[in-house]
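In: Need a 3D model of the following:
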Amino acid sequence: MRHRVEGRKFGREMDARRLMMRNLVKSMIEHGQLKTTLPKAKELRRYVERVITYGKNDTVHSRRLAYSVLGNRTLVKKLFDEIAPAFEGRNGGYTRVLKAGFRRGDNAPMAIIQFVEESTIKPKKDAIKAKDLNK
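Out: Numbers count the residues shown, from 1 in each chain. Next comes the predicted model:
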């Protein structure tokens, strides 16, 4: 019986699953959205939202917790300086999962997972171009 057993196994051992989720969280923080299979996107949502919640509380302890998941100082800095402040007034629900059809090779259901506040997280390209033109 599966009483209180959480999470999907994805046909992988525990260590491989953990590394896969860590890599997906890193890519999500770095790029803002991912295209992956639907079950992976639904499972990834749990991890990304936990890391963003760490980012909303700017303490040394929460930075260390975020670093234990991300393992990269630049990603931790981006999380605490750019991504988490965009969700300051929101109590969860930081990501959305959109269905994106089926993969051609094996007909696996695909999905796009992205941040809800996408416009505030990505740097504005027009502002960057305007700065370059003024020089």
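In: any idea whether Phe10 is helix, strand or coil?
Out: Going by DSSP: H, G, I helix; E, B strand; the rest coil, the secondary structure assigned to Phe10 is coil.
In: And for it, the neighbour number?
Out: 14 (other CB atoms under 10 Å). Backbone N, C-alpha and C define where each C-beta goes, glycine included.
In: my guess is it meets Met21, correct?
Out: No - Phe10 is beyond contact range of Met21, at 9.3 Å (criterion: CB atoms under 8 Å).
In: residues shared between the contacts of the two?
Out: Common contacts of Phe10 and Met21, defined by CB atoms under 8 Å, 6 or more residues apart in numbering, comprise Glu43.
In: Quick check: the residue positioned nearest the centre of the chain vs Pro39, distance?
Out: The centre of the chain sits closest to Met28, judged by CA atoms, centre = their mean, with a distance of 3.6 Å. From Met28 across to Pro39, the span is 16 Å (CB to CB, to the nearest Å).
In: And Tyr67, by the same measure?
Out: Distance, Tyr67 to Pro39, by CB to CB: 27 Å.
In: Ok, Arg45 next?
Out: From Arg45 to Pro39 the distance is 11 Å (CB to CB).
In: Can you get me a residue count around Glu13?
Out: 9.
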